[in-house]
Structure formats: structure tokens, C-alpha cells
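Trainee: got a predicted model here, sequence first, then my questions.
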Amino acid sequence: MKQALACIVMIAGAALAQVSFSSAANAVRPSLVSIVTEKAVAGAGDSGTRGPTQSQELGSGFVIDTLGHILTCNHVVADYEDVTVRFSDDKTYGGNDVVVVGVDPVTDLAVVQVRAKRRFTPAVLGNSDGLEVGQPVMAMGSPFGLEGTATAGIVSGLSRWGLAKSTGPDFQDFIQTDALINPGNSGGPLVDVQGRVVGVSSFIRTPRSGPTGIGFATPIDLAKSVAEQLIRNGKVTRGYIGMTTQAITEAIGQAIGASPGCGALVASVDPGQPADRAGIRPGDVIIDLDSRSNPDVRWFQSEVASRSPGETVGLGVLRGRSGGPERILIVILGSWVTPAPPMPRVFTTKHWLGIVVKDYHAAEPRSGEPDYGIEVTDVEGGTGAEAGLRSGDVINEINLAPVRSAADFEKIQKVMAGSKRPLLFRVFRGREAFYAAVKP
């Protein structure tokens, strides 16, 4: 009897979790977006293209207000040339309708805005400070371009920092989760079972062997603060002290006569910066800030960054192996300089759509090959390369009308002058025919 009751409880619990995740997914879905960014790649392209070509990056994001502001990751839109945003209802916006409001490489966050005449449905933002290890969460986004994907797991760790990355944020305070975060999930929401966003999916750490990796998300409390500044000012302003600090481990504490895990050890001081001007030296231990006890190095770094440039702070400092008496040093904070995002690179092409064409006539076309059209002899870059055209391709239709010569192509160019509507090319690559949409 007890065993039967246990089975009933387990089944009921599983059903409840399924209902909760389904409700959470439905609550977030109207605000969920997939993001495609097109970036210029310098150098030779493949299969006969030369010069700059285009590559695509996939990411995710979610709406945070009715004005169409979308929170995502900086690395999703960095170096962007064109950003396309698709909603769960398949409405898609790009070009001048999508603008990057601001980016913050320090936290790997960014805000883009869709400027359209519609009312947007924002996600409900939760409170990441209340998260607990073991709490169920769900990652939503477009992994590998599969839009609207949801993966469930738990919060498997909190306040993760000091994670080595080839690119990414300097300021780290990550939520760790075993909910699958794959390429394309970046910028998507990490959601609790009530459908509240508690984090922004950032990256995964994948082992060389093993079935899966570990996902990391930026806490929503930090993300909200960054987003508010980006929307208001287009950038994030932080206090800067001009020194590096590290944690006091047990071994370091024994070596310098300090209590392990309490305070921050000054490792280096930048010459001429606020810490140097205040008299701070390498080897000093920062034990409090404005009379607030300093529990660890991460709290200290976060607290300094949260202050405003020009603000005066008092640091309690111990100097020397025995600690000595506490010194109070006054520091006037500088400004943490965030590198400005590079301007979009604009490549010019000599020929329309970046392609060079000539008349094509097949003396004895094989089965499946066109018997007329225009042949692409060179791809300079631009929208032709972006659409995937290659040297040797044969175009025999544009906008469902036959194209029999290069003269026809020139006529279409004149007719389409000033139009922003993509052209539909029917392209033959050998015996294979396909359609390609080419932006004018």
C-alpha cells in the first residue's frame, strides 16, 4: 500500500511539474524572440567568391517593455551590420526597424529595439536574489535556429565567477544551470516555474568528453540595472578604482597573517589611477568600504562598480604581515571605460548586387540544365554574396520572369532603382535549381 501511494505521489509530482513548465513557457513565449545578425567577414570567400562576404550569427532575446526594447547578449549583436528579429507569431523585423540601443561588454549584455507600430508584450522579470540551488528553471530560445525551444533543469550553482572565457564579460556573477544552453540560446531567458525571467542565458562550458556541458546565465537583477542604463544613456557607467584584487585563501591568509575569506588582497595598482593617488599599495588588504565590512573580493569589486564616477569612498586597509592598525584611505573613484563597439563596416561594390554577369547560352544543355539565362562570373561581396551566389551560377528568372541576357539584367536594375523589396532569383548550380532572395 505504501509503495502504491509513493508511486501516486511521484506521478502527481511529475504531472504538476509538467503543467508548471507548460504554463511558464506559454507565459514567456509572446516576449521571446530569435535574433539573426549578419556580419562582414574579410578575405576570400568559398567557391569563387572574393572580397568581403557575410556570415550569420544566431541568438535569442526577450522583450522587457511595451516599447519593444529587447534584452540579449552583447556577443549576439557585437560587430553587427544588420539585425533581424523574429517573434513567436512569425512577425519579422529588420533593417531600419531594428536598432542596437546599447551594448555592455563588461557583463555581455545588450539592448536592441524594434521600432514598429504595435504594442509589445514584455516578459515578467523576477528576482534572481531569491534563487536557490535545486530550484527548477527552464532555458528558452533558439538553439541551432530551432525557435521557441524550451529545456528544463535546475539551478545547479550560484554566484559563479572567475570563469575563463576566450571572449565575454569582465564582471561575472553567473547562475549555473543544467538546463541545456546551446548555440543560439545566448540572450534568451532563464525562467522559473512561475514564468518569471530570473536570468539571461550567456554561454556554456562543454567538456571534451561527456554528454553535455554546464550553462551559465547572468542574474536578472544585474541585467535589469544594465538594461535601464543602456536604454536611458546608451551606455553603462561604473566606478573605477584602478587596481586588481584577489581572494584571500587559507594559504595566503597564513602567509600574510590575515583571516581567510575576509577582505580583498591588492595584487596590483595602476599608476596614476584613483587607488594609486589614494596611497594604496600591492599587498594591502581591503577589509571594509565606507565602514561596511568587506566579506570577500567579489563583493568588493561589485560594490565599487555600482558606485558613480567622482564618488568618494573610504577604504579600511591593513598593511604589513601582522596587519597593523587599520588605515582609512579616501579614494575618489574614476570611470570604468568600456570600449565603444566598432562601427559597422560598409563595403562598397562596383556592380549591382555585388555580382558580375554575362550572357549564358548552352549549346547542348544536359537534362536539368537551363538553356538560357545569365552566368555569374564574379562575386564582389554585398547582397549577392550574402544570398549565397557563386561564380558559375546561372540565373534564368528574376521575380518569376525570364532573364535571357545581361541587357535584361540591366533593365531590371533600372526598374528596381530605389526599391527595398528583395528580388527572387531562380538559380541553377549545375543541374540543381533553387530560389534565392537577394536584397537590392
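Mentor: It's in. Residues are numbered from 1 along each chain as shown.
Trainee: if we ignore the residues flanking it in sequence, what's nearest the residue nearest the centre of the chain?
Mentor: Nearest to the geometric centre of the chain sits residue 73, at 2.3 Å (Cα atoms, centre = their mean). Here the nearest residue to residue 73 in space, its sequence neighbours aside, is residue 187; by Cβ to Cβ, 6 or more residues apart in numbering that works out to 4.1 Å. From N, CA and C alone the C-beta is placed, and that goes for glycine too.
Trainee: returning to what we had before: measure the residue nearest to the centre of the chain to residue 150 for me?
Mentor: Note on residue 73: its distance to residue 150, by Cβ to Cβ, to the nearest Å, is 18 Å.
Trainee: tell me the phi and psi of the residue nearest to the centre of the chain?
Mentor: Main-chain dihedrals, residue 73, degrees, to the nearest 10: phi -100, psi 150.
Trainee: now swap in residue 304 and tell me
Mentor: Torsion angles, degrees, to the nearest 10, at residue 304: phi -60, psi -40.
Trainee: is it true that it touches residue 292?
Mentor: No. Applying Cβ atoms under 8 Å as the test, residue 304 and residue 292 come out as separate, 12.0 Å apart.
Trainee: of the two, who's got more company?
Mentor: Using other Cβ atoms under 10 Å, the more surrounded residue of residue 304 and residue 292 is residue 304, with 25 against 12.
Trainee: the residue nearest to residue 141 when sequence neighbours are not counted - how many residues pack around it?
Mentor: Nearest residue to residue 141, sequence neighbours excluded (Cβ to Cβ, 6+ apart): residue 188, at 2.8 Å. For residue 188, the neighbour count with other Cβ under 10 Å is 34.
Trainee: swap in the one 3 residues further on?
Mentor: Other residues near residue 191 come to 30 when the count uses other Cβ under 10 Å.
Trainee: for it, which non-adjacent residue is spatially closest?
Mentor: residue 138 (4.8 Å).
Trainee: that neighbour bridge partners, please.
Mentor: For residue 138, the beta-bridge partners are residue 152, residue 191 (DSSP bridges).
Trainee: measure the residue nearest to residue 73 to residue 72 for me?
Mentor: If you measure residue 187 against residue 72 using Cβ to Cβ, the figure is 3 Å.
Trainee: quick one: residue 231 is in a helix?
Mentor: Yes. Assessed with DSSP: H, G, I helix; E, B strand; the rest coil, residue 231 lies in a helix.
Trainee: didn't it look like it was pressed against residue 100?
Mentor: No. If you go by Cβ under 8 Å, residue 231 and residue 100 don't touch, sitting 11.9 Å apart.
Trainee: joint contacts of those two?
Mentor: residue 111 (Cβ atoms under 8 Å, 6 or more residues apart in numbering).
Trainee: neighbour count: these two, which is higher?
Mentor: residue 100 (20 against 17).
Trainee: endpoints of stretch 121-128, how far apart?
Mentor: Using Cα to Cα, to the nearest Å, one end of stretch 121-128 lies 21 Å from the other.
Trainee: quick check: buried residues in it?
Mentor: 122-123, 125-126, 128 (16 or more other Cβ atoms under 10 Å).
Trainee: could you give the mean pLDDT of that stretch?
Mentor: Averaging pLDDT along stretch 121-128 yields 90.
Trainee: the residue nearest to residue 141: what's it in contact with?
Mentor: By Cβ under 8 Å, 6+ apart, the contact list for residue 188 reads 32, 59-62, 139-142, 200-201.
Trainee: how about the secondary structure of residue 325?
Mentor: coil.
Trainee: that one: how many residues sit nearby?
Mentor: Count around residue 325 with other Cβ under 10 Å applied: 8.
Trainee: which secondary structure element is home to the residue nearest to residue 193 when sequence neighbours are not counted?
Mentor: Distances taken as Cβ to Cβ, 6+ apart place residue 20 nearest to residue 193, at 4.0 Å, with adjacent residues excluded. Using DSSP states H and E, residue 20 sits within helix 2-28.
Trainee: now swap in residue 302 and tell me
Mentor: With DSSP H and E as the test, residue 302 turns up in helix 297-306.
Trainee: helices or strands up against that helix?
Mentor: strand 239-240, strand 243-246, strand 264-269, strand 285-289 (3 or more Cβ pairs under 8 Å, 6 or more residues apart in numbering; DSSP states H and E).
Trainee: circling back: overlap in contacts, residue 187 and residue 72.
Mentor: 35, 59-62, 110, 200.
Trainee: and the helices in the stretch 301-440 of the chain?
Mentor: Using DSSP state H, counting those that start in this stretch, the helices of the stretch 301-440 of the chain run over 382-386, 406-415.
Trainee: tell me, which of those is the model least confident about?
Mentor: helix 382-386 (a mean of 79).
Trainee: and that one, what does it pack onto?
Mentor: Packing partners of helix 382-386 (3+ Cβ pairs under 8 Å, 6+ apart): strand 53-63, strand 432-438.
Trainee: next one: residue 193 from residue 27, what distance?
Mentor: 10 Å.
Trainee: how about the residue nearest to residue 382 when sequence neighbours are not counted, what does it touch?
Mentor: Of all residues not flanking residue 382 in the chain, residue 354 sits nearest, at 2.7 Å (Cβ to Cβ, 6+ apart). Taking Cβ under 8 Å, 6+ apart as the criterion, residue 354 is in contact with 379-385.
Trainee: then residue 69?
Mentor: 63, 101, 111-113, 227, 231.
Trainee: tell me the pLDDT of it.
Mentor: At residue 69, the pLDDT value in this model is 94.
Trainee: dump the residue contacts of the closest residue in space to it that isn't next to it in sequence.
Mentor: Of all residues not flanking residue 69 in the chain, residue 113 sits nearest, at 5.1 Å (Cβ to Cβ, 6+ apart). Residue 113 is in contact with 67-70, 98-99, 101, counting by Cβ under 8 Å, 6+ apart.
Trainee: tell me the strands beside whichever strand or helix holds residue 113, with direction?
Mentor: Per DSSP H and E, residue 113 falls inside strand 109-114. Note on strand 109-114: by DSSP bridges, its sheet partners are strand 69-72 (antiparallel), strand 98-104 (antiparallel).
Trainee: in terms of secondary structure, what does whichever helix or strand comes after the first one contact?
Mentor: It refers to strand 69-72. Sequence order places helix 74-77 as the next helix or strand after strand 69-72, per DSSP H and E. On a contact count with 3+ Cβ pairs under 8 Å, 6+ apart, helix 74-77 meets strand 32-41, strand 53-63, strand 98-104, strand 109-114.
Trainee: out of these, which is the most enclosed?
Mentor: Greatest average neighbour count among these goes to strand 109-114 (a mean of 26), per mean count of other Cβ atoms under 10 Å.
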